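**Q** I'd like to go over a predicted model; first the sequence, then the structure.
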Amino acid sequence: MGLSCQACLARNSALCSAMVGDEIEQLFSIAHRVKVDEGGFLLHEEDPSKYVYNLSSGVCTLERLASDGSRQIMAFVYPGDFIGINSGPFYSVSAQALAPVVACRWHMKDLEGLYPTHPVLERKVHEIASRVLAATMDQLFVLGRKNAVEKIAYFLLYIDGRQQKFDGHSDSFILPMTRIDIADYLGVAVETVSRAFSQLKRRGLIELSQAWVVTLKDREGLRQVVEKTSP
């Protein structure tokens, strides 16, 4: 079969966990395995929204381009994330690989064909769409109400949680995105990102190596920065 569902990082994801035991083979039988090199795209903004994807490995961005050509990153997508659900006939975002990506791709009509015999699958898809909306609202709150240092603290705790779910790290992890990516996600200048990292380092909350490895030395301190409860 080439790709083992049981060994896949996405096996216990929101989508695939709807299929119990051998049922996963039914889901896999209508999937296509796709690979995208670093810098390539899984999907493009304004293309017809025919397909949905579940990441098996790698990391990618969900991003939009403004009329002036500037980029807004809407989310960072990790293994197990399900993307491509769209309310309209065209994708509203592009998905670009930050590292080589492997994903399962389904035609939405094929996936919907399983709903009558697997109602839990349909419910999971709707739940995922609701979570995407909730995550978007969280991001809007952070962008609108937090200063640069608070945004970076929030971002590091968010990425820490995403990576910990899959690689089991404790305190240190490599950031798969650049300072430019972080700036485009948080809506700040690249220089502002660098200054905010430096301030968190000076306060003893994080360490940051030249290899872009982050060590969270004080998670509670970072939470206090986000919540504005630190002195």
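**A** Right, received. Where do you want to start? Residues are numbered from 1 along each chain as shown.
**Q** When you work out contacts or count neighbours from here on, use the C-alpha atoms and nothing else.
**A** Will do.
**Q** Can you give me the end-to-end span of stretch 107-121?
**A** Using Cα to Cα, to the nearest Å, one end of stretch 107-121 lies 15 Å from the other.
**Q** going forward can the numbers begin at 50, since that is how I track them
**A** Will do, 50 is the new start, and the previous item becomes stretch 156-170.
**Q** Would you mark the buried spots in it?
**A** Using 16 or more other Cα atoms under 10 Å as the test for burial, stretch 156-170 gives L160, L163, V169, L170.
**Q** three-state assignment of I134?
**A** Under DSSP: H, G, I helix; E, B strand; the rest coil, the three-state class of I134 is coil.
**Q** Give the burial count for it, as a bare number.
**A** 19 (other Cα atoms under 10 Å).
**Q** Kindly report the same for the one 3 residues further on.
**A** Close neighbours of G137, defined as other Cα under 10 Å, add up to 9.
**Q** contacting residues around it?
**A** S98 (Cα atoms under 8 Å, 6 or more residues apart in numbering).
**Q** all strands of the protein, in order?
**A** Ranges of strands in the chain, per DSSP state E, are 81-85, 90-92, 100-106, 109-114, 120-126, 131-132, 143-146, 150-156, 221-223, 255-257, 262-265.
**Q** Quick check: longest helix in this structure by residues?
**A** Longest helix in the chain by number of residues, with DSSP state H as the criterion: helix 168-194.
**Q** got the end-to-end distance for stretch 132-148?
**A** 17 Å.
**Q** Turn the strands of the chain into a markdown table, including distance to Q55.
**A** Listed next are the strands of the chain as a markdown table, based on distance: least, Cα to Cα, whole Å:
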| stretch | distance to Q55 |
| --- | --- |
| strand 81-85 | 15 |
| strand 90-92 | 23 |
| strand 100-106 | 11 |
| strand 109-114 | 23 |
| strand 120-126 | 21 |
| strand 131-132 | 17 |
| strand 143-146 | 24 |
| strand 150-156 | 14 |
| strand 221-223 | 25 |
| strand 255-257 | 35 |
| strand 262-265 | 30 |
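**Q** Going by mean pLDDT, which of those comes out lowest?
**A** Per-stretch mean pLDDT for the strands of the chain is lowest at strand 221-223 (a mean of 86).
**Q** At the geometric centre of this structure, which residue do we find?
**A** What sits nearest the mean C-alpha location of the chain, by Cα atoms, centre = their mean, is V126, with 2.2 Å.
**Q** Contact partners for that one?
**A** Counted by Cα under 8 Å, 6+ apart, V126 has contacts L104, V108, C109, T110, L111.
**Q** picking up where we left off before, what angle do strand 120-126 and the longest helix of the chain make with each other?
**A** Here helix 168-194 points in a direction 140 degrees away from that of strand 120-126 (axes from the mean of the first three to the mean of the last three Cα atoms, to 10 degrees).
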